[in-house]
Each structure stands twice: as structure tokens, then as C-alpha cells.
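[1] coords below, sequence missing:
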């Protein structure tokens, strides 16, 4: 088989959720948008539901509908993009809870689905989604009379604990929600780590569940193992791959691995990445191509059957640094051709 | 609906194939690996089959099996990774043609599927896949006696017409295939453009079909339109998005678009990208986040319902430059959450 294997440790996700839940002052939900950051929302959410998670968060109604099929009835599925035009039937049929972002959405929701659960998303300064203070002031009494299930906002700089924006957004959120008895939510993973002042009634960890920063104590969740298609000897002076980027400086042995940037192994990582044979790191040889990666196994002394590119030796943050991005993007880029194997849960 | 729409113009793919076929000295196949570079192998291959393509190329037997389901029996599906351990049943049941890369694969193939069609992949210098000259010299007579359907190799530097590697690989391929009557194939898209000396019996364009360089005359194939979730006013000094990267220098209006790096809009592109409202480009405001993108629409004078991020105004090569990568990776990154709409074909 020339297919790489992505192993997702559901027990690690559960342990990460429990660790964040243990420090959360109130309840703890789980963000499973973008297919649970690329790891499979159905499997991840079912595993989390079994250990007591009751509040799930997705980006769009489409994602919510898929998740409802996986979870069945009863658990709360909150949709960050709110009640968009065209989503009414899906919100109704799949019992989704839109986070209302604007007057327009509020009118749409109350006219089309009176009595149907909804939350409110406030903009506390990120200027991306949610009602502005003035809009909210005008709508507040009407909205609260309909018993929203959640009043939420989102932090822009929670990954940087010392950023002044955090306290500024906290103050803004407190001001906008003063005297409200509906459950409130502000904290993503970074917000959980900022301390109880940020927690309110429900926290919403995402990246921390999946082993990413800023949750430094997170258990690693993913392991990616690539099969070796072929090994070959090179004489000094021979080149490997597109553009002849790698030139052998000595008699060398090169392994060709089956996966590439079409599988989300970001092309820019190439020069900074290693592939592991057991505990032994081997440098990449040449560019990451669409479906293949060359590795210099000269010093290994044997031909491996497979090599690890992501796992205990080299986590998502190492790959993120190699690509000049963040762990989130490493996860959401993980490709569709991998055989996904789930352990634990 | 908060879902972005990716429109794939099958007529443009057909036109690109015809243009490359017109300059190919012999026959012309089509590379549809990596789900046709992210555009949907089933739809793309069916459209190409209807205009006469008879030779398709995929990376792995898994991809070949999916393609066989889409195409039905009869057309040739060639597998670059060859006959890997564990793939025998799939190769047999799905009538795939493995490109044999090594002595090991040759033995496996002849022992497990005697008489089943196969090709030979030679390494003419890229050192990634295929038999080395010495290995091939030892196997050549035995292999040719079994009537391979194709003898192929792959160019490492065909995107750079002046690179000395091109002639070197051509010479190596000619030497290794001297006197052979089986059909031969060397040229990817770049190889087609290098001229008839590189064409042999079958060319194998990939990226050129999908509108990418080095085929400068390619018709653009993809259009990506993102819905606007929300628009809001900012005062000077207010910030947008994660890390407060964008600060409004004047009273501004910001649109939030529904799509982000989880949809393959590479995070690194942010500072260099525009979103188009009709013909009017608007700069991005703040970082590309997982599911959303902020756009400064202050100078637009109206709130758009959707904006184009990829299309006639801003093609895959512009996005590639913005991300510091190549058009191939822009295509293969295109995400799973888009509504895919096919036109033409």
C-alpha cells in the first residue's frame, strides 16, 4: 500500500479536554469546526460526547448538519456564522443553535424560526463577527426576552497573554453583558489559560484539544507515517527531485516517501524538516513534491519500510515553524488521501 | 449559505488538453493524480474521456480504483507508484496498469499477476522513482518479453526550459530505450513545451490542463467566490482579526468573508492578497483565519454579497506568488468545504 497513515489518538484529545475542563471555572465545550481542525469532527465529537461534553461549536450550518448526523439528537451544536440567508431549514431540521451576529440575522431568525434556540455573538473588539456595542444596545432587550442560550464573544490575542487587547476585550464583554443571566462565553484555548476572569459560564477550547499551542501541556494527538516507495543509491554529484535542489556530496542512499504537498505537507517546510526512522532523524533530500518526498537515509544503515513525519519526535509546532505558520494550519492542511486510524476513545 | 463556491470550468480543461494535444507529436494522456490536482478526478477524467483521452495517470492504486469507478472499463489507468506490496488485488480487480519501478516490483507483478498489463518507469536522473540504468540493463530483456504497455520517465526541471538537466535526462532516456518498440513517454506539461524531441509516443500533461504554469497560454479553470457574512464600520484606530495586525487609519468598513486557511487559502498569502467585488480589488484586513477573512471595503462604497478571491482577475499564479509557492500547491490545497460547481464538459 502506498497510502500514508494518520493516527489520531482520541484518548489524547479526551485528556486535553479534561485538563482544560479542570482549570475552567464553569463548563467546558469543544470547538470541532473545520472537521475538528482536520482530524474528523464525527469521531472526535462522539468521543468527547461520551466523556460528558454537551456544547459543540462549528463554523457553518453545513458543518452543524454533518455533526448532528454523527451525534444524534440532544447535544447542543452552536454555529458561529449564525443564521445566514438560506440556512433556515437546516437550522430547524438539524436543531442547530445559531450565534446571531447582527440585526439582520436576528430579524431573520425571529421571523422564520420563532421560539427556536439561538445565541448571541458580540464583537468585543476583534471586528470579525458579532454585534457592535451600539447595535447590541439597541437589540439587547428584545433579544434577552427571547431567552438566548448563550452570549459569546471571541478573543483576538489570547495566544499572547501579555497583550493589552485581552483585558480590553474582557472589559468590553463585561460591559456589554452586565446584568445578563443567560450563560456567557468568551474563552478559546488561550482564554482558558488567561485565568478564571476570562472563563464565564462555558469555555470553548479548540486548538488545545488537538495538541497545539498555546496549550503547552497538551498531549500530542496526531502521528503521520509515510510508506517508503523505493530506495536508491546515488553517486556524489547526482541530484534529487524537482529543480535539482539536492546534490549528493558523497555516495548516498535516498528513500522516496509516498505523500507530498497534495497531502498537506506544506511545500515550504522542505528545507527544515526531518523524517524519522524509529528514533533516528534523516534530512529531506530535495523539494517536497505533490505526491512524494525524498529523504537522505545514508547514515541510517538500513532501508526503512516507513518513516514518521509528524508525531512524538516532531510535533505540529515543529512543522509549523518549518513552514513559517502556526500549528492550526498544519492540522487543517492534513490531506484526504491518508488512511485515518483512530485509537482510544 | 455561508459556504464558498469553487467553480471548475471543464471546457477550459478540455481546451487546455486540446491545445497541448495539438502540439504533441504523438498521443496525449492526462494526469489526474491528487484528485485531479484538487479539482475532482471523477468529473475531470469523465469530461476528458468524452473528448478522446485514453491514457490517464494517477499516483497510487487507491486513486486508480476510485478513477475506475468513475470511468468504467476500457480506458487505461496508469499508476505511477507501480505495483506496491498489498496492491495486487486492487490492480487486478480495477484493471490498473502499474508503472513498475524496481526489480522488487517486477518480481511481485510477474509472480502475482502474470499476463496483467504493466508499464516501466525508468529513472533518467530525477532520483525519485523508477529503475536506474544498471537495474534496467539487467531486467530489460525479461521485461520487454512481457510486452509492457508503456516505458516512461519523468523530467525534474522541465519548468525551466534552459536547464541543462532537460537535455541530460532526454539523452539518458533515449539511451535506456534505444531499439524499444513499446510506446514511450517522457513529457509532463513542461516537457510538451520543450518541443517534439521530448514527446515520444504519449505526453502526460497535468498542471497545464488545470491552468497553471509553465503553460502560459492555458485558459484559467477555477473561480472561487466567498460569501460575505457580515460588514461593519470601524473608527480610526480600531483593529481587525487575530493579533491586531490590521489597524484602521481612517473610518473604515470591513467585510468578513466565509473561508480561511482551513479551506486551503494559505495563511501566508494574507498580506499580498486582494478580494474582488466585481472588477474592484479590495485589500485584505488582518490575518487569514481558519474560517474567515477580513477585507477592507471602505473604498468600494457598497456592501458586496460575495467576493472573488481566485479567478479571471487574480489567478492561481498570483495566489502562488502571494504564498511563496507554486500554482500546483494552490490547486491541491483547495478545501473540502467549498461547494464545487462544474461548468461545461
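    Great, that's in hand. On a predicted model such as this, the values are computed, not experimentally measured, just so you know.

[2] outside of the helix or strand hosting residue A:174, which residues touch it?
    Element membership of residue A:174, judged by DSSP states H and E, is helix A:164-177. Taking contacts as Cβ atoms under 8 Å, 6 or more residues apart in numbering or on different chains, the residues outside helix A:164-177 that touch it are A:122, A:124-126, A:133, A:136, A:151, A:153, A:155-158, A:160, A:184, A:186, A:191, A:194, A:197-198, B:239, B:244. Heads up, the C-betas are built off the backbone N, CA and C, glycines and all.

[3] Drop anything exposed from the residues you listed.
    Neighbour-count burial (16 or more other Cβ atoms under 10 Å in any protein chain shown) applied to the contacts of helix A:164-177 gives A:122, A:124-126, A:136, A:151, A:153, A:155-158, A:184, A:186, A:191, A:194, A:198, B:239, B:244.

[4] Out of those, name the ones that lie in strands.
    Within these, residues falling in strands by DSSP state E are A:151, A:184, B:239.

[5] Which of those residues sits closest to residue B:271?
    Nearest to residue B:271 among those: residue B:239, at 15.3 Å, using Cβ to Cβ.

[6] Return the distance of that closest one relative to chain A.
    7 Å (Cβ to the nearest Cβ, to the nearest Å).

[7] Can you tell me, leaving aside adjacent residues, what's nearest to that residue?
    residue B:247 (5.1 Å; Cβ to Cβ, 6 or more residues apart in numbering or on different chains).

[8] hang on, isn't residue A:297 packed against residue A:253?
    Yes - assessed by Cβ atoms under 8 Å, residue A:297 is found in contact with residue A:253 at 5.2 Å.

[9] what domains does the record give for chain A?
    A:10-210, A:222-343 (automatic domain parsing).

[10] Just put those domains in a markdown table and tack on mean pLDDT and distance to residue B:233.
    A markdown table is the format used below for the domains of chain A (pLDDT from 0 to 100; distance: least, Cβ to Cβ, whole Å):
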| stretch | mean pLDDT | distance to residue B:233 |
| --- | --- | --- |
| domain A:10-210 | 97 | 8 |
| domain A:222-343 | 95 | 29 |
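
[11] who touches the helix or strand hosting residue A:309?
    Taking DSSP H and E as the definition, residue A:309 sits inside strand A:306-310. Outside of strand A:306-310, the residues that reach it under the criterion Cβ under 8 Å, 6+ apart are A:222-228, A:255, A:257, A:259, A:265, A:273, A:275-277, A:282, A:293, A:295, A:314, A:316, A:319, A:330.

[12] Pull out the buried residues from that strand.
    A:306, A:307, A:308, A:309, A:310.

[13] after it comes which helix or strand?
    Following strand A:306-310 in sequence order, the next helix or strand is helix A:316-323 (DSSP H and E).

[14] residues making contact with the helix or strand just after that following helix?
    Next helix or strand after helix A:316-323 toward the C-terminus (DSSP H and E): helix A:327-333. Contacting residues not belonging to helix A:327-333 are listed as A:34, A:37-39, A:207, A:210-213, A:222, A:264-266, A:310, A:316-317, A:319-320, A:323, B:261-262, B:264, B:266-267, B:290, B:333 [Cβ under 8 Å, 6+ apart].

[15] Can you flag which of these belong to strands?
    Taking DSSP E, the ones among the contacts of helix A:327-333 that sit in strands are A:222, A:310.

[16] okay, now residue A:231: neighbour count?
    For residue A:231, the count of nearby residues is 16 (other Cβ atoms under 10 Å in any protein chain shown).

[17] ok but it is inside a helix, no?
    No - Residue A:231 sits outside any helix when classified using DSSP: H, G, I helix; E, B strand; the rest coil, being strand.

[18] Now do the SS call for the nearest residue to it once chain neighbours are set aside.
    Once flanking residues are discounted, residue A:231 sits nearest to residue A:303: 4.5 Å by Cβ to Cβ, 6+ apart. Secondary structure state of residue A:303, per three-state DSSP, is coil.

[19] Kindly report the same for residue A:99.
    Secondary structure for residue A:99, judged by three-state DSSP, is strand.

[20] need the contact list for the closest residue to chain B within the stretch 1-150 of chain A.
    Residue of the stretch 1-150 of chain A nearest chain B, by Cβ to the nearest Cβ: residue A:34 (3.6 Å). Residue A:34 is in contact with A:59, A:63, A:332, B:262, B:290, B:291, B:337, counting by Cβ under 8 Å, 6+ apart.

[21] just residue A:323 next, same as before
    Contacts here follow Cβ under 8 Å, 6+ apart; on that basis residue A:323 touches A:266, A:268, A:269, A:272, A:329, A:330.

[22] again, but for residue A:77
    A:56, A:57, A:58, A:64, A:67, A:68, A:71, A:94, A:95, A:96, A:97.

[23] which SS class is the second one?
    Think residue A:57. Secondary structure assignment for residue A:57 (three-state DSSP): strand.

[24] Closest to the centroid, which residue in chain A?
    Centrality entry for chain A: nearest residue to the mean C-alpha point is residue A:37, 3.0 Å, by Cα atoms, centre = their mean.

[25] pretty sure that residue contacts residue A:210?
    Yes - with contact defined as Cβ under 8 Å, residue A:37 reaches residue A:210; the gap is 4.9 Å.

[26] which other residues reach stretch A:85-99?
    Taking contacts as Cβ under 8 Å, 6+ apart, the residues outside stretch A:85-99 that touch it are A:61-62, A:64-65, A:68, A:73, A:76-83, A:105, A:108-109, A:112-113, A:116-121, A:130, A:149-150, A:152, B:1-2.

[27] Can you give the distance from that stretch to the centre of its chain?
    Here the centre of stretch A:85-99 is set off from its chain's centre by 23 Å, with Cα atoms, centre = their mean, to the nearest Å.

[28] Likewise for stretch A:164-184?
    Taking Cα atoms, centre = their mean, one finds the center of stretch A:164-184 at 25 Å from the center of the full chain.

[29] now do stretch A:310-327
    14 Å.

[30] Going by neighbour count, which residues in it are buried?
    Using 16+ other Cβ under 10 Å as the test for burial, stretch A:310-327 gives A:310, A:313-320, A:322-323, A:325-327.

[31] now stretch A:189-206
    Judged by neighbour count using 16+ other Cβ under 10 Å, the buried positions of stretch A:189-206 are A:189-194, A:198-206.

[32] Any idea how far apart the tips of that stretch sit?
    6 Å (Cα to Cα, to the nearest Å).

[33] Nice, that's everything, thank you.
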